[in-house]
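Chemist: mind folding the following:
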Amino acid sequence: MKSIWTETASIPRRNPLPGNKRTQVVVIGAGMAGILTAYYLQRQGFHVVVLEAERIGSGQTGFTTAKITSQHNMIYKKMEKAMGKEIARLYGKANQLAVEEYGKLIRAHSIQCHYETKDAYLYSVRESAKLLREAECAIGLGLPASFEGELDLPFHVHGAVRFSGQAQFHPLEFLRDVSAGLTVFERTRVIKVNGHEVVTDRGVVKADKVVFATHYPFVNVPGFYFAKMYQEKSYVLELESVKPLPGMYLGTDSKAYSFRSAGDKLLMGYGSHRTGKLPEENPFAVMKRLGEHLFPGTKEGGRWTAQDCMTLDGIPYIGKFSGSRPDWYVATGFGKWGMSSSMVAAKLLSVQIAGKRTPYDRVFSPQRHHPAASAKRLVFHGMESVKGLSSGVLPGAVNCPHLGCRLVWNRYDKRWECPCHGSSFEFNGKISSGPAQQSIPFID
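Modeler: Okay, here's the model as predicted:
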């Protein structure tokens, strides 16, 4: 599947790992989080090697809507209530600093990546009270928020939360420049990690520190991330010849839409669901009907899906992989906000690997515990995984090579999906997204 980003940017190819190597830090995964982490580590003087199974930016980074924002849906009021004001404040500040860091980096190096400063909006077509409370909470946390009564959209809204000074860009054009000075080995699949040895299909890399930036960690033990996360799939439709919108928009109602311009094209998002648990109606068909109604004369330019790792309390896991692996680090669980979270991860991990601490470490620590914020999700998504595991033992089941769950065919995306942990496979069984690390036999 192709996106507007993969169709309009080309990153020079890198050679595979030529054999065994020794380095200070090895980063597994060359998406936005992995490349940025390597970039900031190298700036501090570390010798860094990045390993990528496919191509730079070929994973989830190539299928994002590429909004750089600290506005992460309706989270701040909930976070403040469940975890306290200080956690919510630090989370918001870390992401707002990430937004600003992108701008500084792009300007400092004159990176041509269609970077635009735009305001971000959460809107509702049904009510305004929750939005007003969210805006007041965000303001109290020091974020650039306000409440708006009207928006420049082709339909009426009851209100919106505005975050000023956010941004959007072309993620692969950005990665092309940032990765230029890094040591990246493409088409090098990591098979396993033993302590300080990263074993690939091309050789072994020995490193003092190991960073897992693979979207979803493929190592099950220790860490047990498969028990602490689930994945969600969402759908994006590209519409051509649409007048650019002044901001970036995300609906907060059930079955709401997101909108973001890319030149004279409009990217519309819709239909988010737990991977492997399909909606009844084709999300692409729903968006196409709405697009034709709101923007008469437009036509479809492309379509793709995105897949996101969701943590139980809504905060990414960034930091030490496990208490029993002090030299392993991880960046995962970014939810729908991979761009700002990637920058947060890069800045935090580069400091932590240098042996220093930050005020944000405890917020994003993979070893944190917030039972009030995660208990309901733990029960619900735990039961969903049990269903998938149970159905995997039935005769004739097509099973995921990760932990054996029964795969589901996504007729909208034309892929096999694991309803337990979100691995996906192309129609012929080729692995397209982890945590599974191998393909399944060809399926008719």
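
Chemist: so H370 makes contact with A82?
Modeler: Yes: using Cβ atoms under 8 Å, H370 is in contact with A82, at 6.5 Å. Just so you know, the C-beta spots here come from the backbone N, C-alpha and C atoms, and that holds for glycine as well.

Chemist: find residues that contact each of these two.
Modeler: Common neighbours of H370 and A82, using Cβ atoms under 8 Å, 6 or more residues apart in numbering, are D313.

Chemist: find the nearest non-adjacent residue to R13, please.
Modeler: Closest residue to R13 apart from its sequence neighbours, by Cβ to Cβ, 6 or more residues apart in numbering: E186 at 6.5 Å.

Chemist: make that G181, sorry
Modeler: The spatially closest residue to G181, leaving aside those adjacent along the chain, is Q42, at 7.3 Å (Cβ to Cβ, 6+ apart).

Chemist: go through the longest helix along the chain and flag the buried ones.
Modeler: Secondary structure of the chain per DSSP state H: the longest helix is helix 85-108. Buried residues in helix 85-108, defined by neighbour count with 16 or more other Cβ atoms under 10 Å: 87-96, 98-99, 101-102, 105-106.

Chemist: in the chain, what helix or strand scores lowest on average pLDDT?
Modeler: Ranked by mean pLDDT, DSSP states H and E, the weakest helix or strand in the chain is helix 371-391, scoring a mean of 57.

Chemist: what element comes up after it heading to the C-terminus?
Modeler: strand 408-410 (DSSP states H and E).

Chemist: which residues sit against the helix or strand just after that next one?
Modeler: Going down the chain from strand 408-410, the next helix or strand is strand 415-417, by DSSP H and E. Strand 415-417 has contacts (Cβ under 8 Å, 6+ apart) with 233, 275-276, 398, 407-410, 423-427, 429, 432, 440, 443.

Chemist: now strand 415-417: average pLDDT?
Modeler: What strand 415-417 shows for mean pLDDT is 88.

Chemist: can you give the strand pairings for that strand, parallel or anti for each?
Modeler: Strand pairing for strand 415-417, determined by DSSP bridges: strand 408-410 (antiparallel), strand 424-426 (antiparallel).

Chemist: ok, which stretches of the stretch 1-150 of the chain are strands?
Modeler: 21-28, 48-51, 67-68, 116-124, 145-148 (DSSP state E, counting those that start in this stretch).

Chemist: ok, and which of these has the densest surroundings?
Modeler: strand 67-68 (a mean of 28; mean count of other Cβ atoms under 10 Å).

Chemist: most centrally placed residue in the chain?
Modeler: G338 (3.5 Å; Cα atoms, centre = their mean).

Chemist: may I have the phi/psi pair for that one?
Modeler: Dihedral angles of G338 (phi, psi; degrees, to the nearest 10) stand at phi -70, psi -30.

Chemist: identify the spatial nearest neighbour of it, chain neighbours not counted.
Modeler: Nearest non-adjacent residue to G338, counting by Cβ to Cβ, 6+ apart: T64, 5.6 Å away.

Chemist: residue contacts, that neighbour?
Modeler: Contacts of T64 (Cβ under 8 Å, 6+ apart): 5, 171, 306, 338-339.

Chemist: out of those residues, who's nearest V242?
Modeler: Set against V242, the nearest of these by Cβ to Cβ is W5 (17.7 Å).

Chemist: surely V99 is in contact with I68?
Modeler: Yes: counting by Cβ under 8 Å, V99 sits close enough to I68 to count as a contact (5.3 Å).

Chemist: hey, what's in contact with both of the two?
Modeler: 166-167, 340, 343.

Chemist: just those residues: which are in strands?
Modeler: For those, the ones inside strands are 166-167, with DSSP state E as the criterion.

Chemist: please pick the buried ones from the shared contacts of V99 and I68.
Modeler: Using 16+ other Cβ under 10 Å as the burial test, those include 166-167, 340, 343 as buried.

Chemist: as a markdown table, those residues with distance to I35 and pLDDT would be great.
Modeler: Formatted as a markdown table, the buried ones among the shared contacts of V99 and I68 follow (distance: Cβ to Cβ, whole Å; pLDDT from 0 to 100):
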| residue | distance to I35 | pLDDT |
| --- | --- | --- |
| Q166 | 21 | 98 |
| A167 | 18 | 98 |
| S340 | 15 | 98 |
| M343 | 11 | 98 |
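
Chemist: now the two most distant members of the residues you listed.
Modeler: Q166 and M343 (12.9 Å).

Chemist: mutual contacts of the two, please.
Modeler: 68, 99.

Chemist: backbone dihedrals for the residue nearest to Q367 when sequence neighbours are not counted, both of them.
Modeler: Nearest residue to Q367, sequence neighbours excluded (Cβ to Cβ, 6+ apart): G323, at 6.2 Å. With angles defined as degrees, to the nearest 10, G323 sits at phi -60, psi -20.

Chemist: just to check, G323 is in contact with S365?
Modeler: No: contact criterion Cβ under 8 Å: G323 and S365 do not qualify, at 10.4 Å.

Chemist: out of those two, which sits in the busier spot?
Modeler: Between G323 and S365, S365 has the larger neighbour count (other Cβ atoms under 10 Å), namely 15 against 10.

Chemist: could you look up the SS state of the closest residue to the more buried one other than its chain neighbours?
Modeler: Once flanking residues are discounted, S365 sits nearest to G319: 4.8 Å by Cβ to Cβ, 6+ apart. State at G319, reduced to three classes by DSSP: H, G, I helix; E, B strand; the rest coil: strand.

Chemist: pretty sure G319 contacts Y360?
Modeler: No: counting by Cβ under 8 Å, G319 does not reach Y360; the two are 9.5 Å apart.

Chemist: find residues that contact each of those two.
Modeler: L348.

Chemist: just give the number of residues close to N428.
Modeler: Neighbours of N428 using other Cβ under 10 Å come to 12.

Chemist: ok, the one 10 residues further on next?
Modeler: When neighbours are defined as other Cβ under 10 Å, Q438 has 14 of them.

Chemist: quick one: contacts for it?
Modeler: 401, 431.

Chemist: run through the bridge partners of V205.
Modeler: Assessed by DSSP bridges, V205 has beta-bridge partners K21, V198.

Chemist: same check, this time on E240
Modeler: K299.
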